[in-house]
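>>> compute the structure for the input listed below.
(2 chains)
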Amino acid sequence: MIHKFKQGGLHVVLDISSGAVHIIDEMVYDILDYYPDVNIDQVVEKLKNKYTEEDLREACDDIDSLINEKLLFSPDNYENNVQFKNRKPVVKSMCLHVAHDCNLRCGYCFASQGDYQGSRSLMSAETGKKSLLYLAKNSGNRRNLEVDFFGGEPLMNFDVVKEIAEYGKSIEKLYNKNFRYTITTNGMLLDDDIIDYLNENMDNVVMSLDGRKTVNDKMRPIVGGGSSYDVIVPKFKKLVDKRGDKDYFIRGTFTKLNLDFAKDVKHFADLGFKSTSMEPVVSEPGLPYTIEESDLETIYAQYDELAEEMLSRHGTDEDFGFFHYNVDLEQGPCIIKRLTGCGAGSEYIAVTPEGDIYPCHQFVGNDEKKMGSILDESWDSEMSLVFKNAHIFNKPKCRDCWAKYYCSGGCHANAYNFNGDINIPYEIGCDLEKKRLETSIYMQAKIMLMEE
Amino acid sequence: MKHIKTVTKGSFNRVASTMGCGECQTSCQSACKTSCTVGNQACENK
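From the prediction side, this is the model:
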């Protein structure tokens, strides 16, 4: 199976099962409409008015060479792989909801402005410690365990964050684990001491900002109104200035109200942030900010504009990264990960302030999807099995999709929220994912040519 | 080859026999939290 596309004057073909990527000329692009389903003579007959027979035969030879090297139309045997069939997932990462409360009132918040349809509450240090202990004890041979301090706004419970993080480090040796911490914050409560603590103890810091001041403040007002941009941008800059080489993301959400989001990502870069992310809002149909199918072409053009901007800055002091364009074509995640996706409900769980377990942060507040409790270590293994089995081969739409080994089936929560079934992916999400992947692959091809 | 330039030979086949170690990061943990791109996660054995 292959996927070919044109972008920025390049013709590109991706071999789905090997991950190989090739830049091809227009003739090969045309030939691949037919070949190798038909033989070379038939290809010549179909395309003789556009190309010479000699050239067509030469191009088919090139294609044959790649097929022989298993770099084009390579066989796909992953579904029946024994390791895949017999895999036994263990929980290895956790989204820890240390605060179901927030000091912003973001218009699009999937967490209902921080309370997840429940009462506003903070996690106790005891529940947090039990959660990390649970992770250490239930993660089998996996050494690297990820914990995301999440909310609401986790800095509203910062002392408990510190206590939990320090506890995790204290049990690492005993269980032969390495805890990796991320915190996702809106930045409102950052001060010098907290910045220093996060830079020292968090492996990754995700900072929420939607871009330009007008865009950010429209959807991310302070409780009672007022600009959050003016408060948080200087704090985020200070954190990043002091962070050195450690990972961070400045992360925004775009909605139908700012479909020109490439300007917001450029704004991040112009503020000096090198590691950026911008996510399409996921919301109910019919809301004024909900992205609709009719917005797709505009969004695609924005992804193109962003890519060209990044290419124009490549190799200069002004360059920057964008999360969805960071696809490692040489060595990304292992193949089993590509088949099974995000791992929600089997490798990844979310824990609420009350210790309730959900398949991921986006299911929190949906009683039907509560799958256990950290407090009594209850665990709905039947529900976990349903999530474990929600891999690309059990999703009819994914089986024949060229992007399946990069997207890996998409977001279960989006699928459930839009289609009532975790095995039926959210269509607009698929379209956007495919556009981002094509653009990422195109950029890498372009960079290779620029550096030749 | 005159008509084709290979950008990458891909990585999938290199680990196809073992399917990989499974240590790679959970995709949602890094930055997105609302969508899923597995392909941009890093390999722990790199």
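>>> closest residue of chain B to chain A?
Nearest to chain A, among the residues of chain B, is residue B:20, at 1.9 Å (CB to the nearest CB). Just so you know, the C-beta spots here come from the backbone N, C-alpha and C atoms, and that holds for glycine as well.
>>> check contacts around the nearest residue to that residue once chain neighbours are set aside.
Of all residues not flanking residue B:20 in the chain, residue A:334 sits nearest, at 1.9 Å (CB to CB, 6 or more residues apart in numbering or on different chains). Applying CB atoms under 8 Å, 6 or more residues apart in numbering or on different chains to residue A:334 gives the contacts B:15, B:19, B:20, B:21, B:22, B:24, B:43.
>>> now do residue A:364
Listed by CB under 8 Å, 6+ apart, the contact partners of residue A:364 are A:97, A:111, A:116, A:350, A:352, A:356, A:358.
>>> what's the burial count for the first one?
For residue A:97, the number of neighbouring residues by other CB atoms under 10 Å in any protein chain shown comes to 31.
>>> was I right to think the residue of chain B closest to chain A contacts residue A:339?
No. In this structure, residue B:20 is not within contact of residue A:339 by CB atoms under 8 Å, at 10.1 Å.
>>> okay, residue 13: pLDDT?
Unless you meant another one, I'm taking chain A. Confidence at residue A:13, expressed as pLDDT, is 98.
>>> actually it's chain B I care about, not the one you picked
Confidence for residue B:13, expressed as pLDDT, is 72.
>>> could you verify my assumption that it touches residue A:70?
Yes. With contact defined as CB under 8 Å, residue B:13 reaches residue A:70; the gap is 6.7 Å.
>>> which neighbours do those two share?
Contacts common to residue B:13 and residue A:70, judged by CB under 8 Å, 6+ apart, are residue A:18.
>>> what distance do you get for residue A:232 to residue A:279?
Residue A:232 sits at a distance of 18 Å from residue A:279 (criterion: CB to CB, to the nearest Å).
>>> actually residue A:139, sorry about that
28 Å.
>>> and if you look at residue A:428?
Noted for residue A:428: a distance of 13 Å to residue A:279, by CB to CB.
>>> how many residues are close by residue A:301?
Neighbour count of residue A:301, defined by other CB under 10 Å: 14.
>>> and the stretch 101-250 of chain A, which residues reach chain B?
Counting by CB under 8 Å from any CB of the partner chain, the stretch 101-250 of chain A comes close to chain B at A:110, A:142, A:143, A:144, A:146, A:148, A:180, A:182, A:184, A:204, A:206, A:249.
>>> quick one: low-confidence parts of chain B?
By pLDDT under 70, the low-scoring segments of chain B are B:14-18, B:27, B:29-32, B:34-37, B:46.
>>> quick one: the strands in it?
Secondary structure of chain B (DSSP state E): strands located at B:4-8.
>>> just how off-centre is stretch A:363-383 within its chain?
Offset of stretch A:363-383 from its chain centre (CA atoms, centre = their mean, to the nearest Å): 24 Å.
>>> just the terminal-to-terminal distance for it.
13 Å (CA to CA, to the nearest Å).
>>> return the set of buried residues in it.
Buried residues in stretch A:363-383, defined by neighbour count with 16 or more other CB atoms under 10 Å in any protein chain shown: A:363, A:364, A:365, A:369, A:370, A:371, A:372, A:373, A:374, A:379, A:380, A:383.
>>> hmm, which of those is lowest in pLDDT?
pLDDT across the buried residues of stretch A:363-383 is lowest for residue A:365, at 89.
>>> that one - that's part of a helix, no?
No. Assigned with DSSP: H, G, I helix; E, B strand; the rest coil, residue A:365 falls outside any helix and is coil.
>>> on that earlier part again, next step: the residues of the stretch 101-250 of chain A next to chain B restricted to helices.
Members of these lying in helices (criterion: DSSP state H): none.
>>> mind listing what residue B:11 touches?
Contacts of residue B:11 (CB under 8 Å, 6+ apart): A:19, A:329, A:330, A:331, A:332, B:43.
>>> of these, select the buried ones using a PyMOL command.
Selection of buried members from the contacts of residue B:11 for PyMOL, criterion 16+ other CB under 10 Å:
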select buried, (chain A and resi 19+329+331+332) or (chain B and resi 43)
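>>> any chance of JSON lines for the contacts of residue B:11, columns secondary structure and distance to residue A:134?
As requested, the contacts of residue B:11 are exported to JSON lines (DSSP: H, G, I helix; E, B strand; the rest coil; distance: CB to CB, whole Å):
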{"residue": "A:19", "secondary structure": "coil", "distance to residue A:134": "35"}
{"residue": "A:329", "secondary structure": "coil", "distance to residue A:134": "36"}
{"residue": "A:330", "secondary structure": "coil", "distance to residue A:134": "36"}
{"residue": "A:331", "secondary structure": "coil", "distance to residue A:134": "32"}
{"residue": "A:332", "secondary structure": "coil", "distance to residue A:134": "29"}
{"residue": "B:43", "secondary structure": "coil", "distance to residue A:134": "27"}
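>>> element containing the closest residue to chain B within the stretch 351-452 of chain A?
Chain B sits closest to residue A:406 of the stretch 351-452 of chain A, with a gap of 3.3 Å, by CB to the nearest CB. Using DSSP states H and E, residue A:406 maps to helix A:404-407.
>>> what lies in contact with whichever helix or strand comes after that helix?
The element immediately downstream of helix A:404-407 (helix or strand, assigned by DSSP H and E) is helix A:412-419. Defining contact as CB under 8 Å, 6+ apart, one finds that helix A:412-419 is touched by A:282, A:341-342, A:344-345, A:359-360, A:362-363, A:369, A:387, A:390, A:421-427, A:429, B:34-35.
>>> just how off-centre is helix A:412-419 within its chain?
16 Å.
>>> after that helix, next one along is what?
Using DSSP H and E, the helix or strand that follows helix A:412-419 in sequence is helix A:427-451.
>>> average pLDDT across that following helix?
96.
>>> buried stuff in that helix?
Using 16+ other CB under 10 Å as the test for burial, helix A:427-451 gives A:428-430, A:432-446.
>>> what sits against residue A:185?
Counting by CB under 8 Å, 6+ apart, residue A:185 has contacts A:153, A:154, A:155, A:205, A:206, A:207, A:208.
>>> meant to ask about residue A:168, not that
A:132, A:136, A:147, A:179, A:181.
>>> of these, which is the nearest to chain B?
Nearest to chain B among these, counting by CB to the nearest CB, is residue A:147 at 8.6 Å.
>>> how far away is the spatially closest residue to residue A:353 that is not a sequence neighbour from residue A:198?
Leaving out its chain neighbours, the residue that sits closest to residue A:353 by CB to CB, 6+ apart is residue A:123, at 4.0 Å. Counting by CB to CB, the gap from residue A:123 to residue A:198 is 18 Å.
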